[in-house]
Structure formats: structure tokens, C-alpha cells
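Visitor: sharing a model that was predicted from the sequence below.
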Amino acid sequence: MSKPLLSLSLDLDNQWSYMKIHGEAGWEKFPSYLDIFVPHILKVLDELNLKITFFIVGQDAAFEQNHAYLRALADAGHEIANHSFKHETWLHLYSKEEMKNEIDSAHTIIEKVTGKTPTGFRGPGFSWSSTLLEVLSEKGYAYDASTLPTIIGPLARLYYFSTSSLSKEEKEDRKEIFGKFSDGFRRLKPYYWKFTKQHKLLELPVTTMPVFRIPFHLSYLLFISNISIHLMMLYLNIAIFLCKLTKTEPSFLLHPLDLIGGDQITSLAFFPGMNISSDRKIFIFKKVMKKLGKHFTLTNMNDHVTAIKERTVLTSIAVPTAS
């Protein structure tokens with residue numbers, strides 16, 4: 001009997017986007033670590049024989065100095081997806097015209113640089129709206145992956161604000177980052193957003209622990225590993241058990257700073273978790289992948305979505321008038 005699927009994706013947030021989100025000065029110069037991170041992650045993924053999905057920010061693809069690194073991801077056989085153009089966590093506030101321009105501009109430059117057509121999207125900071133879903137559906141995207149069904153969104157936002165240099169106005173723009181408490185009760189399994197009989201869009205949520213609705217993607221596992229590696233594995237084992245019990249095929253999320261430390265990205269050494277060395281992060285990543293690989297077939301988002309559509313009758317949910 002074949003194992004259930006688990007899709008792996010990485011939001012390729014660059015140095016400037018981390019700085020922008022946290023209100024750090026100098027982000028407007030668009031400093032980049034792609035020259036360090038991309039060769040690093042490609043080597044690790046090649047060692048593990050993994051093909052994953054990279055959600056790329058359009059602004060990064062617009063700079064020629066990044067082209068070789070972004071193309072290398074595609075040339076290595078990884079799926080390329082859309083992570084917006086400007087990486088603004090207040091994407092849900094955009095008008096229809098602004099949203100179309102944001103998605104289209106990112107889509108066009110990412111396709112031009114990588115040679116691959118994005119068919120999936122994830123909003124920065126899990127930002128989404130009915131306008132976004134409508135635009136993606138009209139553009140013919142295969143899936144959205146912007147929702148994070150967790151009850152601890154407000155707590156994550158409070159911590160984020162407390163460690164940032166954001167002004168009062170900037171915090172107001174970001175007041176829905178990581179979602180609301182009520183988002184924890186959204187569906188955890190894939191479903192269709194329904195617009196009309198002809199138009200629908202598959203939603204593949206970032207998986208949180210069934211029943212408890214708390215995250216277990218790599219950022220959280222790293223945080224727990226700082227307390228105890230055994231506690232981290234217990235936490236992961238509970239998540240795996242509950243996913244299998246509820247027949248939930250996970251969508252597992254990665255971020256660049258989950259896989260590289262302040263020893264290599266010195267400019268972000270002050271960020272949470274960057275005191276963990278790159279070698280330690282890769283050790284934990286490989287340990288987590290080995291455990292997940294025992295229970296699931298690891299794949300990219302598009303292959304996961306294709307398999308879901310072929311073998312599963314999905315629930316359809318009306319697109320909300322506001323998110």
C-alpha cells in the first residue's frame with residue numbers, strides 16, 4: 001500500500017523582505033542573500049533527493065543579479081510558484097486592480113527568469129482575501145496555499161510586533177498578519193473555493209496539527225529543539241499520528257532562515273533563531289525529513305494538488321465577501 005502524500009514548499013523570502021516586514025532601515029536597497037542561500041539549499045535537497053516548491057517574490061526576479069540563482073532552482077527540477085511581487089503582508093487590503101497588477105507582474109517576471117509558469121500562489125504572511133482568490137481563479141491558477149488554520153495567529157502577531165521596529169501606522173497595516181483566532185477553525189484538508197459553476201480554485205492550507213490546530217512547520221520545530229531535541233521529536237510524532245488518524249495529507253512549510261544560520265547570513269544574525277548554526281539547522285531538517293519520509297511520500301505542491309484532484313471528491317466552499 002502506497003504512503004499518503006506530503007508536499008514540501010519553501011517561501012523564498014529574501015533579506016530585504018525580512019527587513020521590510022520587521023520595519024528595519026535599508027530594506028529599500030533590496031539587499032539579497034540568494035547568492036548564499038540558493039547554492040546551500042540546492043546542495044541539501046540534492047543530498048536528500050527531494051523536489052519541492054519554491055514560492056518566489058517577483059521583485060527578486062526583477063533584479064538581474066538574482067537571475068542565475070532563481071533559474072538554478074528551476075533547472076534542478078523544483079516547482080516554481082508565485083509569492084506576490086512586493087511581498088506586502090497587507091495584500092488583503094488591495095483593490096481588484098491592484099491585486100491583478102501584483103499577481104500579473106510577479107507571474108510574468110518569474111516565468112521569464114525561470115522558464116517555468118507558476119500555477120500556485122501563497123500570500124506573504126498568509127495574507128489573502130476574496131479579491132485575491134478571484135484574481136487567481138480568473139488567471140487559471142491551479143491552487144492557492146495562503147491559509148494557515150491555527151488558533152495562535154494573534155499570539156504570533158503579538159510576538160512579531162514586540163520584536164519589530166514597526167511604527168504604529170505600519171502595525172495597523174499588518175494587523176491581520178498570521179490571521180485571526182477564528183482562522184483556526186477553517187478547514188485543514190484541501191477544498192475548493194467556489195465562484196461559479198465554471199470557476200473554482202483549490203485551496204491547499206499550510207497544515208497545522210489536527211485537533212489542536214497548532215503549527216508544526218519547521219520554524220516551530222526549531223524553536224522547540226532549542227529546549228530539547230527529544231521534545232521536538234515528540235511534538236512531531238504527535239502531529240504525524242494525528243495527521244494519519246484524521247487522514248490529513250500535510251503541506252509542510254519551510255523558510256530560508258529555518259535552514260541557514262547567522263554564521264552564514266551575518267546581516268540577519270539578530271533575528272530569532274539565527275543563533276542556531278547552519279549545520280545544526282540542516283541536521284534538524286534532515287532528521288525531520290527522515291521521520292516524515294517514513295510515513296509519507298514527499299513531493300512538491302503541484303504534484304500533490306494534481307493527485308488530490310484525480311482521486312478525491314473535495315468540499316466546495318463559497319468565497320467569503322471579506323476575509
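Guide: Structure's in. What do you need?
Visitor: partner strands of the longest strand that the chain contains and their direction?
Guide: In the chain, assigned by DSSP state E, the strand with the most residues is strand 5-11. Strand pairing for strand 5-11, determined by DSSP bridges: strand 53-56 (parallel), strand 251-254 (parallel), strand 297-299 (parallel).
Visitor: how about residues contacting the shortest one?
Guide: Read that as strand 297-299. Residues outside strand 297-299 that contact it (C-beta atoms under 8 Å, 6 or more residues apart in numbering) are 2, 3, 4, 5, 6, 7, 8, 50, 51, 289, 292, 307. Quick note: C-beta positions are derived from backbone N, CA and C, even for glycine.
Visitor: any idea which of those is closest to residue 315?
Guide: Checking the contacts of strand 297-299 against residue 315 by C-beta to C-beta gives residue 307 as the nearest, at 17.0 Å.
Visitor: that older thread, most neighbours of all the contacts of strand 297-299, which one?
Guide: In terms of neighbours by other C-beta atoms under 10 Å, the contacts of strand 297-299 top out with residue 7 at 28 neighbours.
Visitor: gap between it and residue 230?
Guide: Here the criterion is C-beta to C-beta, to the nearest Å. By it, residue 7 lies 27 Å from residue 230.
Visitor: contact partners for residue 201?
Guide: Taking C-beta under 8 Å, 6+ apart, one finds 133, 136, 137, 141, 143, 144, 192, 193, 195 in contact with residue 201.
Visitor: could you identify the most distant pair in those residues?
Guide: For the contacts of residue 201, the maximum inter-member distance is 14.5 Å, found between 143 and 195 (C-beta to C-beta).
Visitor: which one's more surrounded, the two?
Guide: residue 143 (25 against 17).
Visitor: sorry, back to before: next, format the strands paired with strand 5-11 as JSON lines and append mean pLDDT and mean neighbour count.
Guide: Shown next, in JSON lines, are the strands paired with strand 5-11 (pLDDT from 0 to 100; neighbours: other C-beta atoms under 10 Å):
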{"stretch": "strand 53-56", "mean pLDDT": "98", "mean neighbour count": "27"}
{"stretch": "strand 251-254", "mean pLDDT": "98", "mean neighbour count": "23"}
{"stretch": "strand 297-299", "mean pLDDT": "98", "mean neighbour count": "19"}
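Visitor: span of stretch 201-213 from start to end?
Guide: Using C-alpha to C-alpha, to the nearest Å, the end-to-end distance of stretch 201-213 comes to 23 Å.
Visitor: burial of residue 73, as a residue count?
Guide: Residue 73: 24 neighbours (other C-beta under 10 Å).
Visitor: for residue 114, see how far away it is.
Guide: In this view, residue 73 and residue 114 are 7 Å apart by C-beta to C-beta.
Visitor: shared neighbours, these two?
Guide: 56, 80.
Visitor: my understanding was that residue 21 contacts residue 88; is that so?
Guide: No - contact criterion C-beta atoms under 8 Å: residue 21 and residue 88 do not qualify, at 9.0 Å.
Visitor: anything in contact with each of the two?
Guide: Common neighbours of residue 21 and residue 88, counting by C-beta under 8 Å, 6+ apart, are residue 124.
Visitor: all helices of the stretch 151-300 of the chain, in order?
Guide: Here the stretch 151-300 of the chain has its helices, by DSSP state H, counting those that start in this stretch, at 153-162, 168-173, 218-225, 229-245, 278-295.
Visitor: now render those helices as a markdown table, adding mean pLDDT.
Guide: Output for the helices of the stretch 151-300 of the chain, formatted as a markdown table (pLDDT from 0 to 100):
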| stretch | mean pLDDT |
| --- | --- |
| helix 153-162 | 58 |
| helix 168-173 | 62 |
| helix 218-225 | 95 |
| helix 229-245 | 98 |
| helix 278-295 | 98 |
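Visitor: now those as TSV including distance to residue 251?
Guide: Below are the helices of the stretch 151-300 of the chain laid out as TSV (distance: least, C-beta to C-beta, whole Å):
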stretch	distance to residue 251
helix 153-162	17
helix 168-173	27
helix 218-225	13
helix 229-245	11
helix 278-295	12
